[in-house]
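Undergrad: take a look and give me a structure for this.
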Amino acid sequence: MPPRRPSPPPAPPPEGLLTVESVGGEGDGVVRTAEGRLLHVPGALPGEVIRLGAGSDGPVLLSVDRASPDRRAPPCPHFGTCGGCALQHWDETAALAWKVERLRATLALERLETDILPVVTTAPGGRRRAALHARRGPTRTEARIGFKARRSWSLVELSDCAVLDPAITQALPLLRRLAAPLLEHPKSAPALHVTVTDTGLDIDVTGVEARSGGLSADARQLAAEVAGQGDIARLTLAGDILFQQRQPVVRLGRARVVLPPGAFLQAAPVAEAAMAAEAVAAADGARRIADLFCGVGTFTFPLAEVAPVLAVDGSAPAIAALVAAVATAPGLHGITAETRDLFRRPVAAAELRRIDVIVFDPPRAGAIAQTAEIAQSGAARVVGVSCNPATFARDARRLVDEGFRLERVRPVDQFLWSPHLELVAVFSR
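TA: Have a look, this model is predicted:
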């Protein structure tokens, strides 16, 4: 049989058209102009031949002359204008492969190699938390509610959302009426942080103009009355309760936790369960565990089924909620909780001497000071949870330099159709 001839290279694009070389970090297609400039084009996919136009914020995709086989019809009518999603037009398998390769490249920048396990994925309608922005509407009794447009303060008003839990999208008409009195002051730009809990929606409002005494008593009363017309568990403004008919409760492990106003919670329950399962599996056989940046106890309560846990976080309300929830979870091995700024005063290696497994879940900035103490501790195993692979890789390098081995990384695609990827990693020595 004669040798098979290699496929010829693709023909150059016709005049005025450009070929998409790759996808950039924000999910945009990357093209190179005849002058050698790199342009980032929203909505373009690798290998496509496209025609560009000039927009006020950069290049605009005018047409796709040759489409990628991975191009899909976006499921949401707001895609392309809403800043919430960037990848709805890309086949899920291809998009996930791109995210994993970006993760691998980020680790490689810190000379880190490890097993990257299959991605934990989330489904449409699985996100239980959202920050919805409000702007003045057509009438004084109804505001406009939605997400910001990409790279803009303009609002994209939502009629539906393929990402959010249906309990949030079904409440949009009520939220429009609830937000109207919050716009009493002309400089207010309210954000409604909505969380689906086991007992109804929890809404924490930020961005309301605080000068001149803040909201009037009439506006507060009206917002509370509207909240009472729906399945709203609680409505708070700057920590103050405007309305509450039930405490907002979530289940974490065996515990029932009452959320403090504005509390951090993982965005998708499926992702939360997968992250907790990874942490618990890594802690198997531990005698004593530390959960640093513990929040309200996402990992603390499942870990306390394995061994006693030292739980530390900088948020006093979160620690208070965690401590109060201990009584709802019988049969645990014991939890010791402490409020502490882990950036300014990390838990020292000497304080961790009796701990053999450490879990840490810092904000996007990472935890370089705390990581330095963990590296010097006597722990045999460390679990790192991260929403930012870049700062995770920096912190992981410190652990590896001090003798830990990065055993594995589990990517978590918690924010569906975004370029964002989270992870759970296990270290041992």
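
Undergrad: look up how far Ala350 lies from Gly378.
TA: Gly378 sits 10 Å away from Ala350, going by Cβ to Cβ, to the nearest Å. The C-beta positions use only the backbone N, C-alpha and C, and glycine is treated the same way.

Undergrad: how far out from the middle of the chain is stretch 194-211?
TA: Here stretch 194-211 is found 17 Å from its chain centre; the criterion is Cα atoms, centre = their mean, to the nearest Å.

Undergrad: pLDDT below threshold where in the protein?
TA: For the chain, the stretches with pLDDT under 70 are 1-15, 209-213.

Undergrad: doesn't Phe264 fall inside a helix?
TA: No. Per DSSP: H, G, I helix; E, B strand; the rest coil, Phe264 lies outside any helix segment and is coil.

Undergrad: would you mind measuring from the nearest residue to it once chain neighbours are set aside to Arg127?
TA: In space, not counting the residues next to it along the chain, Phe264 is nearest to Gly295; the distance is 5.2 Å by Cβ to Cβ, 6 or more residues apart in numbering. Between Gly295 and Arg127 the computed distance is 18 Å (Cβ to Cβ).

Undergrad: and Val306, how many neighbours?
TA: Val306 is flanked by 21 other residues according to other Cβ atoms under 10 Å.

Undergrad: need the three-state assignment for the residue nearest to Phe264.
TA: Per three-state DSSP, Gly295 ends up coil.

Undergrad: contacting residues around it?
TA: Gly295 is in contact with 263-265, 313, 315, 318, 322, 361, counting by Cβ atoms under 8 Å, 6 or more residues apart in numbering.

Undergrad: Arg354 now?
TA: Arg354 neighbours (Cβ under 8 Å, 6+ apart): 288, 378.

Undergrad: do you know how far it is from Asp240?
TA: From Arg354 to Asp240 the distance is 41 Å (Cβ to Cβ).

Undergrad: check Gln414 too.
TA: Gln414 is 30 Å from Asp240, by Cβ to Cβ.

Undergrad: of the two, who's got more company?
TA: Gln414 (24 against 12).

Undergrad: quick one: the strands in the stretch 1-150 of the chain?
TA: 18-23, 29-32, 38-41, 49-55, 58-66, 115-116, 120-121, 129-139, 142-148 (DSSP state E, counting those that start in this stretch).

Undergrad: counting contacts, what elements does the last one pack onto?
TA: The contact analysis (3 or more Cβ pairs under 8 Å, 6 or more residues apart in numbering; DSSP states H and E) places strand 142-148 against strand 129-139, strand 155-157, helix 172-179.

Undergrad: out of these, nearest to Val60?
TA: strand 155-157 (16.6 Å; Cβ to Cβ).

Undergrad: packing partners of that closest one?
TA: strand 142-148.

Undergrad: pull the strand it packs on out as CSV, backbone CA atoms only.
TA: Extracted in CSV, the C-alpha atoms of strand 142-148 (Å, rounded to 0.1, in the frame of the first residue of the first chain):
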residue,chain,number,x,y,z
GLU,A,142,-40.6,48.3,38.8
ALA,A,143,-36.9,48.3,38.3
ARG,A,144,-34.8,46.6,35.6
ILE,A,145,-32.9,43.5,36.8
GLY,A,146,-30.1,41.7,35.2
PHE,A,147,-26.3,41.3,34.6
LYS,A,148,-23.9,43.8,33.3
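
Undergrad: now that strand: buried residues?
TA: Using 16 or more other Cβ atoms under 10 Å as the burial criterion, the residues of strand 142-148 that qualify are 143-148.

Undergrad: same check, this time on stretch 87-101
TA: 87-90, 94-96, 98-100.
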